[in-house]
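Asks: Coordinates only, no sequence provided:
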């Protein structure tokens, strides 16, 4: 584990599995997109060898802080890759729910959408796998299936929410489970980098 530094040599993370994790508004999606930009613009690899699974909700502002955001918001040529977007809208469970029932209803909705993308990738994997907002899948998803998917790639670069900013009284156990699963994933990658605001 370590801290993510803005002046970064992305070449270091090629042929490794890397996870950015941290609070909201710490540029996790931005730097994930910049890694893809590095790969494409330095002609390090063909864009056809990059699969992108974008689980993130649309960008929105809460208390003047940006939350969410698709990778194409940060690098327009990302769509030249095999860019998998969910068929529908991801609903941020903790932000939108007003009770526990809604919380799990939204998480279930998101799980079905993100699982479909993982299955699509596994049918035709590429050497490079990028996943934006892994937390969305892990709210109800199987961690072992996720890890097996990641292990199919030679290079993996993804990000996940890991913090305390998005919380309500009825989301405590939900958030605790998420934290435990992210900590498990941290142990499974080559580089786990904490992002800071």
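Replies: Sure thing, it's come through. What you see is a predicted model, and the numbers here were worked out from it, not measured in a lab. Residues are numbered from 1 along each chain as shown.
Asks: Tell me how many other residues surround residue 182.
Replies: Residue 182 has 20 neighbouring residues, counting by other Cβ atoms under 10 Å. In this view, the C-beta of every residue, glycine as well, is placed from N, C-alpha and C.
Asks: Regarding the chain, what is its longest helix?
Replies: When the chain is parsed with DSSP state H, its longest helix is helix 100-123.
Asks: Other residues contacting it?
Replies: 51, 53-55, 84, 86-88, 90-94, 96-97, 129, 136-137, 139-141, 145-146, 149, 152, 170-171, 174 (Cβ atoms under 8 Å, 6 or more residues apart in numbering).
Asks: In ChimeraX, how would I select just the buried ones from the residues you listed?
Replies: Of those, the buried ones go into a single ChimeraX selection, burial set by 16 or more other Cβ atoms under 10 Å:
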select :51,53,54,55,84,86,90,91,92,93,94,97,129,136,137,139,140,141,146,149,171,174
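Asks: Surely residue 156 is in a strand?
Replies: Yes: applying DSSP: H, G, I helix; E, B strand; the rest coil, one finds residue 156 inside a strand.
Asks: Show the pLDDT at it.
Replies: Looking at residue 156, its pLDDT is 98.
Asks: residues touching residue 29, list them.
Replies: Per Cβ under 8 Å, 6+ apart, neighbours of residue 29: 56, 68, 69, 70, 71, 73, 74, 132, 133, 159.
Asks: element containing the third one?
Replies: Element membership for residue 69, per DSSP states H and E: none, as it lies in no helix or strand.
Asks: Does it touch residue 55 like I think?
Replies: No: the pair residue 69 / residue 55 is not scored as a contact, 11.5 Å apart, by Cβ atoms under 8 Å.
Asks: Can you classify residue 129 by secondary structure?
Replies: At residue 129 the chain is in strand, as set by three-state DSSP.
Asks: List the residues that contact it.
Replies: Each residue near residue 129 by Cβ under 8 Å, 6+ apart is listed here: 51, 53, 121, 149, 150, 152, 153, 155, 156, 157, 158.
Asks: on that earlier part again, which of the contacts of helix 100-123 fall within strands?
Replies: Judged by DSSP state E, those include 51, 53, 54, 84, 129 as members of strands.
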